[in-house]
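Fold the following.
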Amino acid sequence: MKYCSKQTCCRQAPAIRIKRMLLVCLFVNLSICSQAQKITNELQGYYYEKTDSSLYHFFVFDGNGKVNISGYDEGLYFQKGDTVIVYPDKSIFKFLLKDHKLYGVSDWVANGVWDFNPDTIVAGKRTNPIQADRTANLLSQYYELTAKSPWAFLDDSTGGYSTALKTLCDSGLSKACLDLAGLKITEQLGGVAALLKGAPVAKKQQPDPTIMKILQDAIRTGDANGYAVLGSYHALLGDLDRAKDIYEQGNSLGCKKCALALFSMELEKETQKLEAPNKKKPIKRPVTSSKKK
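This next block holds a predicted model:
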C-alpha cells in the first residue's frame with residue numbers, strides 16, 4: 001500500500017473539495033431547472049380581475065386540466081414553470097403566474113391581472129395525478145407544434161403536421177383529434193380554397209369512416225366539444241336532422257357550443273318562416289281558348 005506524503009495530501013485535498021462542491025452545485029442546479037420546467041395542470045382555484053377592464057372577468061381552474069372561462073366556455077390548460085397556457089377554443093391565452101396572480105401576456109388578455117381568491121372554494125377534480133400530468137405534457141407538445149407554425153394546416157403538403165396531430169390524438173389528446181378531424185373534413189369538402197370561395201357542397205354525402213373514428217375517439221376522452229364538431233360535420237354533409245340530434249346529445253352533456261348551434265338552427269328556421277310570405281309568388285297567366293267559328 002502506498003501512502004502519500006503530507007505535502008501531497010494537502011495539495012490534493014482542496015482539489016477534491018472543489019470537485020465535490022462542483023458536483024453539489026450541478027445537482028442543485030439540475031433540481032432547480034427540473035422544478036422550473038415541470039409541466040402539470042395541478043393549478044386549482046378562482047382567479048378574478050378586480051378592475052373589470054377585460055372581457056374575461058374570471059378563470060376557474062379545476063386542478064385537472066380544465067378551466068371555466070368567465071362562464072362563457074370551458075377550456076384546457078397546462079402550466080410549465082411559471083407560465084400558464086389556456087386554450088379557450090381556437091385562440092390561446094398566455095399568463096405568467098407570480099405571487100398568486102395571473103398576469104396576461106398575450107392577445108385578448110394582455111396587461112390584465114387576475115388575483116387568486118382563497119375565499120372561493122373550487123372543487124378539485126384531480127383524481128389521477130399521473131394521468132392528469134400526462135395529458136398536460138401532451139397539451140404542451142401540441143402547443144409547441146402549433147405555436148411554431150400556427151398556419152401549418154394551410155400547407156401540409158409533406159403530411160408532417162397531420163402526422164404529428166395523429167400521434168397526439170392516438171395518445172389521448174382530444175384537442176389534437178378535433179384538429180385532425182377538421183383537416184380531413186376540409187379535404188373531403190374540397191380544401192380550404194373551396195370553402196373560402198363558398199363552393200357548393202354536394203348534399204347528403206356519406207360520412208367518411210376515418211373522420212367518424214377520429215371524432216368518436218375525441219368523444220370517448222370525455223371532451224363534449226366532440227359532439228359540436230360531429231354535429232357540424234353532418235350539417236356540412238346536408239343531414240341537418242342528424243346534426244340536430246347530435247347537438248342535443250352534446251347539449252345534455254354540457255357542450256355549450258352545441259347549445260349555441262341549436263339556437264342558431266332555430267333562429268334560421270324562424271327567419272325562413274318570416275321571409276316566406278314576402279317571397280313573390282309566380283303570376284298565373286289567364287288561360288285563353290280559341291273557338292273555331
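
Would you map the helices across the stretch 51-200 of the chain?
With DSSP state H, counting those that start in this stretch as the criterion, the stretch 51-200 of the chain has helices at 129-148, 160-170, 174-188, 191-197.

List just the one of the ones you listed that sits closest to residue 241.
helix 174-188 (19.1 Å; CB to CB). Heads up, the C-betas are built off the backbone N, CA and C, glycines and all.

in that closest one, what's buried?
Using 16 or more other CB atoms under 10 Å as the test for burial, helix 174-188 gives 174-186, 188.

could you dump that helix to CSV, C-alpha only?
Provided in CSV are the C-alpha atoms of helix 174-188 (Å, rounded to 0.1, in the frame of the first residue of the first chain):
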residue,chain,number,x,y,z
SER,A,174,-58.8,15.2,-27.7
LYS,A,175,-57.9,18.7,-28.9
ALA,A,176,-55.5,17.1,-31.4
CYS,A,177,-58.2,14.7,-32.5
LEU,A,178,-60.6,17.6,-33.2
ASP,A,179,-58.0,19.5,-35.2
LEU,A,180,-57.1,16.4,-37.2
ALA,A,181,-60.8,15.8,-37.9
GLY,A,182,-61.1,19.4,-39.1
LEU,A,183,-58.3,18.9,-41.5
LYS,A,184,-59.8,15.8,-43.0
ILE,A,185,-63.3,17.4,-43.2
THR,A,186,-61.8,20.3,-45.1
GLU,A,187,-60.1,17.9,-47.5
GLN,A,188,-63.3,16.0,-48.1
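
Tell me which of the helices of the stretch 51-200 of the chain sits most buried.
Of all the helices of the stretch 51-200 of the chain, helix 174-188 has the most neighbours on average by mean count of other CB atoms under 10 Å, namely a mean of 21.

can you list contacts of it?
76, 87, 138-139, 142, 153, 156, 162, 165-166, 168-169, 192, 195, 205, 208, 210-211, 214-215, 217-218, 221-223, 225-226, 229, 233, 236 (CB atoms under 8 Å, 6 or more residues apart in numbering).

circling back to that earlier point, from the buried residues of helix 174-188, which single one is nearest residue 274?
The closest of the buried residues of helix 174-188, once distances to residue 274 are taken by CB to CB, is residue 185, at 31.5 Å.

so what's residue 244 closest to, chain neighbours aside?
Nearest non-adjacent residue to residue 244, counting by CB to CB, 6 or more residues apart in numbering: residue 265, 6.2 Å away.
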